[in-house]
Each structure stands twice: as C-alpha cells, then as structure tokens.
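1. What shape does this take:
(one chain, ligands or ions: 2)
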Amino acid sequence: MSSLFKSLMSRGGDDEEVDLEFDLANPESDCFELPPDRRDNQILAVWGSPSSGKTIISVKLARYIASQKKNVVLVLADMSAPPLPYVCPPSDLEAETSLGNILAAAHVDGNLIRQNAILHKKNEYLTMLAMLKGENAFSYAPYTETQARELLDELRKMCDHIIIDCTSNITGDTLSAVSLIESDAVLRLVSCDLKSISYLNSQLPLLLDNKFNANKQYKAASNISSFQADDEIEQIIGGVNFKIPHSDEVYRQFLAGNLFSGLNEKDSKDFRRAVSKIANEVFEL
Ligand SMILES: Nc1ncnc2c1ncn2[C@@H]1O[C@H](COP(=O)(O)OP(=O)(O)OP(=O)(O)O)[C@@H](O)[C@H]1O
Ligand SMILES: [Mg+2]
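-> Ligands and ions are numbered 1, 2, ... in the order given. Prediction:
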C-alpha cells in the first residue's frame, strides 16, 4: 500500500472497527444493508469494482439532476483513462481546461475552479471537472491530499450536487481516496460476478479505518443482465440498496461516446428508473 494512502486512512478517532468483508456463504453478513442517512447529502462519490459502470452511472446521475434544473458538478477523477473523450463529443463542450491545472496549484480556490471548469453547451446546469484527452497523472505537478481536500471544500461552497466518478484503485489515486473519505455518501457499485466480488473483498479492508464512515455507503448491483435472476444476484452479492440493469442503448451510447444523450428506447425504462431512484434517494431532489 502506498504510504500516501496509509497516511490518508490512518487518521481519525477510536471508533469501533467495521467489518467490511463480503461473506459469500452468508451474504446477510454484509454490513451495508440499511440505507444511509441521506439528509443534506451534497457530495456523492461513485466507487466500486473495475468496469462496473461507475463512469456511466455518474454521467447519467449528473444528467438527470441537471434535467431537474438543478446545478450539478461532475468530477471525472480517473487519470489513467480520462473519461471526457468518451462521455461526450468535444463539439458539445465549451473550451476544455483541465482538472490537472486545479490540483497542480499550491492552493485551490473558487476562481481557479471556475477558470478550469468545463461547461456543456447543451446543458446550462452541468459543469464538469476532468482530465483532458491524452493527459495522465504525470502531466501536471504532483498534488497531495491538501489540494484534493481544498477542491472538495470549495466545491461545497459552489454547488449543492457534486458527483465524483472515482477510480477503482484507491491506493493509487489521491483524489478518489480523499473523495471516499470526505463525501457525504458513497455509491458502491458491484457487477454481479465473482471477479467483482473478489475485487471488493480485496479492497474493502483498505477502508477498514475508523474515519471511513461505512454507514454512508449505498450498495448497488450494476449492469445486471436480463438472464440474471434476482435470487442469483442476492446469493452472489447479498442485499443491495439499488439494482442498475444492463441497457443496450446505454452500451451503444458508451461505444459512440455520447453518454449525455437521452435514453428513449423502451428497453431502457428500468435503467432510467434506477437512475432517477438513486438521484432522488441520495440527494432528496
Ligand atoms: N447499465 C449498463 N448498461 C450497459 N452497459 C453497461 C452498464 N454498466 C456498465 N456497462 C458497460 O461496462 C463497461 C464499463 O463501463 P464504465 O466505463 O462506466 O465502468 P467503470 O466502472 O467506470 O470502469 P473503470 O473501472 O475502467 O473506470 C462498458 O463497456 C459499459 O458499456
Ligand atoms: Mg470509469
């Protein structure tokens, strides 16, 4: 484990430890059965196993909130495969400026964020912070948890709805790790397969820290196929707060790089319903 991650996770009180491990033989043992206290949620961190649909659901949640005429900031924190080039065409964006400029500053303030915010031409309620095409973690001066915390603090002053699309690998990504700690709620995605479960069983102990509030996590089963029966899902991953179905239309949008487009097909109805349910429950829109 990186020393940075260790130091991030090692502060806090002496509260009782929480067992975060899945028990495959006894799914009921998972400790996230009760919905978190949702009052005043402002920052939602979306995290979970690799390829579970974190970026897709983050974009769709942001789009839904904006469609309700509420301002939303979407932070695309992935620095290894920056999502901006595949979530929407560049022609939909105002001038592209990078999240890297914000984190590379000695201190993060509101002006710096505004200068590097990416506006979506078709949606006045939506603002994004993101790395740009071709950039990576070494494109800018290294940052620390100080800048990550300042970014979240400043965002809190600017907007009531903030969604952070985190990377799965929390040991290697400071912004994602800080987001998991500082957010008001975490939407934890898991695909319904044993590899995904193995990933979470491996990574969740890293969050076994007193200051990580396990009670703020919403569990979601993601990208559920029509052939996966409810009881099979329950058996694999235990109780969840939300179920996000697979949608062919979403998959085609992902391939085409236009995830901010609307979903019109009948088969997307359950996916759309899941998105509005999550947004309404987490943010009490
Ligand atoms: N609900 C869904 N409907 C259709 N396809 C989905 C759904 N959820 C995820 N996928 C598919 O899963 C893949 C990964 O999606 P996405 O990039 O959003 O996942 P991620 O968790 O952000 O991945 P990473 O760990 O690389 O950041 C894509 O191929 C996408 O089309
Ligand atoms: Mg992603």
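2. got the phi/psi numbers for the closest residue to ligand 2 within the stretch 1-150 of the chain?
-> Per C-beta to the ion, the residue of the stretch 1-150 of the chain with the smallest distance to ligand 2 is residue 55, at 3.4 Å. To be clear about C-beta, it is placed using only N, CA and C from the backbone, and glycine gets the same treatment. Dihedral pair for residue 55: phi -70, psi -40, per degrees, to the nearest 10.
3. can you map out the helices along the stretch 151-285 of the chain?
-> Counting by DSSP state H, counting those that start in this stretch, the segments of the stretch 151-285 of the chain that form helices are 174-182, 194-203, 230-237, 248-256, 269-283.
4. isn't the residue of the stretch 1-150 of the chain closest to ligand 2 right up against residue 78?
-> Yes: taking C-beta atoms under 8 Å as the definition, residue 55 is a contact partner of residue 78 at 7.1 Å.
5. ok so, going back, let me have the helices of the stretch 151-285 of the chain in CSV, adding distance to ligand 2, mean neighbour count and mean pLDDT as columns.
-> As requested, the helices of the stretch 151-285 of the chain are arranged in CSV below (distance: least, C-beta to the ion, whole Å; neighbours: other C-beta atoms under 10 Å; pLDDT from 0 to 100):
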stretch, distance to ligand 2, mean neighbour count, mean pLDDT
helix 174-182, 10, 25, 95
helix 194-203, 14, 16, 90
helix 230-237, 20, 15, 76
helix 248-256, 10, 15, 98
helix 269-283, 16, 19, 97
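6. Nearest to residue 97, out of the ones you listed?
-> helix 174-182 (16.7 Å; C-beta to C-beta).
7. Would you enumerate the residues in contact with the residue in the chain that ligand 1 sits nearest to?
-> When scored by C-beta to the nearest ligand atom, the chain has residue 53 as its residue closest to ligand 1, at 2.8 Å. When contacts are counted by C-beta atoms under 8 Å, 6 or more residues apart in numbering, residue 53 touches 189, 191, 222, 223, 244.
8. quick one on the thing from earlier: so how many other residues sit close to the residue of the stretch 1-150 of the chain closest to ligand 2?
-> A count of neighbours around residue 55, defined by other C-beta atoms under 10 Å, yields 23.
9. I'd guessed residue 284 sits against residue 44; true?
-> No: taking contacts as C-beta under 8 Å, residue 284 lies outside contact range of residue 44: 11.9 Å.
10. Look up the pLDDT of the nearest residue to residue 217 once chain neighbours are set aside for me, please.
-> Among residues not flanking residue 217 along the chain, residue 186 sits closest, at 4.6 Å (C-beta to C-beta, 6 or more residues apart in numbering). pLDDT, residue 186: 95.
11. I figured residue 89 hits residue 260, correct?
-> No: under the criterion of C-beta under 8 Å, residue 89 is not in contact with residue 260, lying 9.3 Å apart.
12. the more surrounded of these two?
-> Looking at residue 89 and residue 260 with other C-beta under 10 Å, you find the greater number of neighbours at residue 260, namely 21 against 12.
13. Ligand 1 contacts on the stretch 101-250 of the chain?
-> When proximity is defined by C-beta under 6 Å from any ligand atom, the stretch 101-250 of the chain lies next to ligand 1 at 168, 222, 223, 244, 246, 247, 250.
14. Could you say which helix or strand holds residue 112?
-> According to DSSP states H and E, residue 112 maps onto helix 110-115.
15. Can you list the buried residues in that helix?
-> 112, 113 (16 or more other C-beta atoms under 10 Å).
16. which helices and strands sit right next to that helix?
-> When contacts are defined as 3 or more C-beta pairs under 8 Å, 6 or more residues apart in numbering; DSSP states H and E, helix 110-115 sits against helix 99-103, helix 145-158.
17. closest to residue 201 out of these?
-> Between residue 201 and the helices and strands packed on helix 110-115, the tightest spacing by C-beta to C-beta is seen for helix 145-158, at 26.0 Å.
18. Need the mean per-residue confidence for that closest one.
-> 98.
19. just how off-centre is that helix within its chain?
-> Mean C-alpha position of helix 145-158 versus that of the full chain (C-alpha atoms, centre = their mean, to the nearest Å) differs by 16 Å.
20. Same question for stretch 72-80.
-> 8 Å.
21. Endpoints of that stretch, how far apart?
-> 24 Å (C-alpha to C-alpha, to the nearest Å).
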